[in-house]
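Undergrad: have a look; sequence and predicted model below, questions after that.
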Amino acid sequence: MTDNFDRAPGAGRNRLKPNSPGLCEQDSGRLPEPGEGDAKTTFFNQREPLRQPRTSPPLAENNSLSAVGGVRDSSGDRRITKASHPTVSSPSPAALKAQTANSLAFSSCLSANAPEFYPKNYSPYQESTYDDGSDSYYPEATLAELVQEYLNHLNSSPASFELEIEAITATLNAWVTAEETLHELVELIYSQSTSVPNFAYTGARLCNYLSHHLTISPPGGTFRKLLLQRCQTEYEQRAQAVRGDEATQKSFHSYVLFLGELYLNLEVKSRKGPPSRAEILLSALKDLADALFSHPVDGNLICAVKLLKLTGSVLEDTWKESGKSHMDELIQRIENVVLDASCSRDVKQMLLRLVELRSSDWGRVRAAASSSEATPDNDPNYFMNEPTFYTADGKPFTAADPEYSEKYQEILDRENYFPDFEENGNEEYSDGDDDEMDPEIEEAFEKFCLESEKRRK
C-alpha cells in the first residue's frame, strides 16, 4: 500500500497513477517509444478529437489515392498503406462546385430539346378568343344588352330623359338597320314598360320619341305600327286575362296602365293641324275598362280606378267632343259595383272617391279668369301663390284676409323694412330731399339749357 506513497511536501497532488505515460515520462526523463503511449491510453489522458476538415477530399481517384498514400500492387489492386498528410493544397469550394456540376452534366440523361411534360388527365388552358373581324379582345355588346342598359338607366334616372334621348336615338339608328332588329327593339321596350313598376310613363315617352326619330322604315311597318301590333296581341286576350290566375291578372293590369300612358303620350302627326292622339287607343281603353268591370274582383277594380284617374279627364273630353256618353256609362257601372259586387270595403271606398272626383270635373277649375281680369271674386285661384304672413301674436294671414292691408302695414312698421342705409359705406340713402347738384353737373346742365333755347329761336 505504501509503495507509491510519497511523503515529500506537495506530493500526491498529481493524482495520476504511476503507470501513466505522462508521469512516467516526466519522472524517468526518457521519451516514450513510438506507439507506447497509444497502447497505454487511459481515461485521464484522452485528448480532444481532431477537428473535421473544412473541405471534402477531391472526387478524382488519383487525388484520393495520393491523399491516403495508396499504391497498387503487382496484381493491379489498390492497396492502402499508412496514411500520410497530403502535400497538395485542397481545392476551393467554387472549384468543387464546378467539378460536381460537370460530373452531373456528363452523367445526366436530360435534354433541353425534350418535349414538354404534362401529367395524366391534364387539359391545357385555352383562352377564349372571338374572331369578329376586329382587333378587340372582348366581343361587342348585343342589341339586347345595349337596349337593356339604356332602359335601366332611364328607369333609375328618369329626369335625364330630355338630356340623353337624342344620343340614345342616334345609337339605336346605328344598330337597328333591319326589320328583325326593329322587332327586337319593340319587344324589349314593351317588356320593360309592362314588367317594371313605374316605368310605364317613361316607356311611353320613349316610344313616342322613337316613333318620330327612328330612320328605319322596313316594309313590315314602322316602329309605331309594330308597337301597336304588339299591343293588339294583348288586347285580344282581355276576356281571358281578367279571369286568369293572379300572375296573369297582374301582367294584364300592367299592360292596361301602359296603354293608358301610351294614349296620353303617343302623338300622331297630321298634315293639316297639330299632332293628335291615336284614335285606335281611345276605343281600346273603353273596351279594356269594360272588361275589368265585367269581372269585379279587387285586382280588376283597383286597375280600373287607376286607369280612370290617369286618363279620365282626357277620355271624357274626347268622348264629349264626338257626342258619346261612354264616361257616364262607366260611372253607372261603378255605382252598380259598389251596390252589388262582393269586393272589399277598401275597394268600394276607392270607387266612391273616383265618383266624387268625376263629379268635380276631375279636380279641374274651369272658371279661372285671365290674369288681367282676375279678382278674388271671379278666380278661386287668385290667392293660390300668395305668401303667408304672421302677426305679432303668431296668427297667420294671407292676401285673402279682409284685414290684409292693415296687418301687412303693421308688419312693415314693426320690422322697419326700409331703413336708411349707407351706399358705398359713406353716403346715407335719402328720399330726394337734397336737391343740390355737383357744380360741374350744374354748369353742364345750364349750358345744355342755353343751347336748347338758341336752337328753338
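TA: Looks like it arrived, so ask away. Predicted model, so just to flag it, every value in this text is computed and none were measured.

Undergrad: in this protein, mark out all the strands, start to finish.
TA: 71-72, 78-79, 267-268, 276-277, 389-390, 396-397, 422-423, 427-428 (DSSP state E).

Undergrad: remind me what the longest helix that the chain contains packs against, helices and strands.
TA: Taking DSSP state H as the assignment, the helix of the chain that covers the most residues is helix 298-321. Counting contacts by 3 or more C-beta pairs under 8 Å, 6 or more residues apart in numbering; DSSP states H and E, helix 298-321 packs against helix 246-265, helix 279-294, helix 326-340, helix 345-359. To be clear about C-beta, it is placed using only N, CA and C from the backbone, and glycine gets the same treatment.

Undergrad: okay, the ones you listed in JSON lines with mean neighbour count, distance to Lys309 and mean pLDDT next?
TA: Output for the helices and strands packed on helix 298-321, formatted as JSON lines (neighbours: other C-beta atoms under 10 Å; distance: least, C-beta to C-beta, whole Å; pLDDT from 0 to 100):
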{"stretch": "helix 246-265", "mean neighbour count": "19", "distance to Lys309": "10", "mean pLDDT": "95"}
{"stretch": "helix 279-294", "mean neighbour count": "18", "distance to Lys309": "12", "mean pLDDT": "94"}
{"stretch": "helix 326-340", "mean neighbour count": "16", "distance to Lys309": "12", "mean pLDDT": "91"}
{"stretch": "helix 345-359", "mean neighbour count": "15", "distance to Lys309": "7", "mean pLDDT": "92"}
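
Undergrad: Gln249 - nearest residue in space that isn't next to it in sequence?
TA: Closest residue to Gln249 apart from its sequence neighbours, by C-beta to C-beta, 6 or more residues apart in numbering: Gly299 at 5.1 Å.

Undergrad: just the pLDDT for that neighbour.
TA: For Gly299, the pLDDT comes out at 93.

Undergrad: next up, the contacts around it.
TA: With contacts defined as C-beta atoms under 8 Å, 6 or more residues apart in numbering, the neighbours of Gly299 are 246, 249-250, 253.

Undergrad: how close does it sit to Gln332?
TA: Distance, Gly299 to Gln332, using C-beta to C-beta, to the nearest Å: 22 Å.

Undergrad: for Arg271, same thing?
TA: Distance, Arg271 to Gln332, by C-beta to C-beta: 39 Å.

Undergrad: swap in Lys454?
TA: To Gln332, Lys454 is 89 Å away according to C-beta to C-beta.

Undergrad: same question, Thr248
TA: 28 Å.

Undergrad: one more: Leu154?
TA: Leu154 sits at a distance of 40 Å from Gln332 (criterion: C-beta to C-beta).

Undergrad: again, but for Arg358
TA: Counting by C-beta to C-beta - Arg358 and Gln332 are separated by 11 Å.

Undergrad: closest to Leu146 among the contacts of Gly299?
TA: Lys250 (28.5 Å; C-beta to C-beta).

Undergrad: residues contacting the closest one?
TA: Lys250 makes contact with Gly299, according to C-beta under 8 Å, 6+ apart.

Undergrad: just the one 5 residues further on next, same as before
TA: Counting by C-beta under 8 Å, 6+ apart, Tyr255 makes contact with 194, 231, 234.

Undergrad: which non-adjacent residue is nearest the first one?
TA: Excluding the flanking residues, the one nearest Thr194 by C-beta to C-beta, 6+ apart is Ser254, at 4.6 Å.

Undergrad: next one: the second one
TA: Using C-beta to C-beta, 6+ apart and skipping the chain neighbours, the partner closest in space to Cys231 is Leu259 (6.1 Å).

Undergrad: helices - which of the contacts of Tyr255 land there?
TA: Per DSSP H, those map to helices at 194, 231, 234.

Undergrad: so for the last one, what's the pLDDT?
TA: Think Glu234. 93.

Undergrad: what stretches of the stretch 351-457 of the chain score poorly on pLDDT?
TA: Along the stretch 351-457 of the chain, the model assigns pLDDT under 70 to residues 366-395, 397-405, 407-409, 411-412, 414-436.

Undergrad: what about the helices in the stretch 101-250 of the chain?
TA: Assigned by DSSP state H, counting those that start in this stretch, the stretch 101-250 of the chain shows helices spanning 143-156, 161-175, 179-195, 200-213, 223-235, 238-241, 246-265.

Undergrad: how about those in CSV, adding distance to Leu351?
TA: Formatted as CSV, the helices of the stretch 101-250 of the chain follow (distance: least, C-beta to C-beta, whole Å):
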stretch, distance to Leu351
helix 143-156, 31
helix 161-175, 34
helix 179-195, 25
helix 200-213, 22
helix 223-235, 24
helix 238-241, 20
helix 246-265, 16
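
Undergrad: can you say which of those helices is nearest to Leu339?
TA: Comparing the helices of the stretch 101-250 of the chain by C-beta to C-beta, helix 246-265 comes nearest, at 23.5 Å.

Undergrad: the closest one to helix 223-235, inter-axis angle?
TA: 150 degrees (axes from the mean of the first three to the mean of the last three C-alpha atoms, to 10 degrees).

Undergrad: where does the stretch 101-250 of the chain dip in pLDDT?
TA: In the stretch 101-250 of the chain, residues with pLDDT under 70: 101-106, 108, 122-139.

Undergrad: number of residues surrounding Thr169?
TA: Each residue near Thr169 was counted by other C-beta atoms under 10 Å, and the total is 17.

Undergrad: show the contacting residues for it.
TA: Counting by C-beta under 8 Å, 6+ apart, Thr169 has contacts 209-210, 213-214.

Undergrad: of these - the most surrounded one?
TA: When neighbours are taken as other C-beta under 10 Å, the top entry among the contacts of Thr169 is Leu210 (22 neighbours).

Undergrad: show me the chain divided up by domain.
TA: 143-362, 385-415 (automatic domain parsing).

Undergrad: any idea which of the ones you listed is most buried?
TA: Per-stretch averages of neighbours, counted by mean count of other C-beta atoms under 10 Å, single out domain 143-362 among the domains of the chain, with a mean of 16.

Undergrad: before we move on, back to that, Thr318: which of the ones in helices among the contacts of Tyr255 is nearest?
TA: Out of these, the member with the shortest distance to Thr318 (by C-beta to C-beta) is Cys231, at 18.6 Å.

Undergrad: for the closest one, give me its contacts.
TA: Contacts of Cys231 were listed using C-beta under 8 Å, 6+ apart, and they are 190, 255, 259, 262, 284.

Undergrad: turn the domains of the chain into a markdown table, columns for distance to Cys449.
TA: Below are the domains of the chain laid out as a markdown table (distance: least, C-beta to C-beta, whole Å):
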| stretch | distance to Cys449 |
| --- | --- |
| domain 143-362 | 59 |
| domain 385-415 | 41 |
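
Undergrad: looking at those domains, which is closest to Pro119?
TA: domain 143-362 (39.8 Å).

Undergrad: can you give me the end-to-end distance of the closest one?
TA: 42 Å (C-alpha to C-alpha, to the nearest Å).
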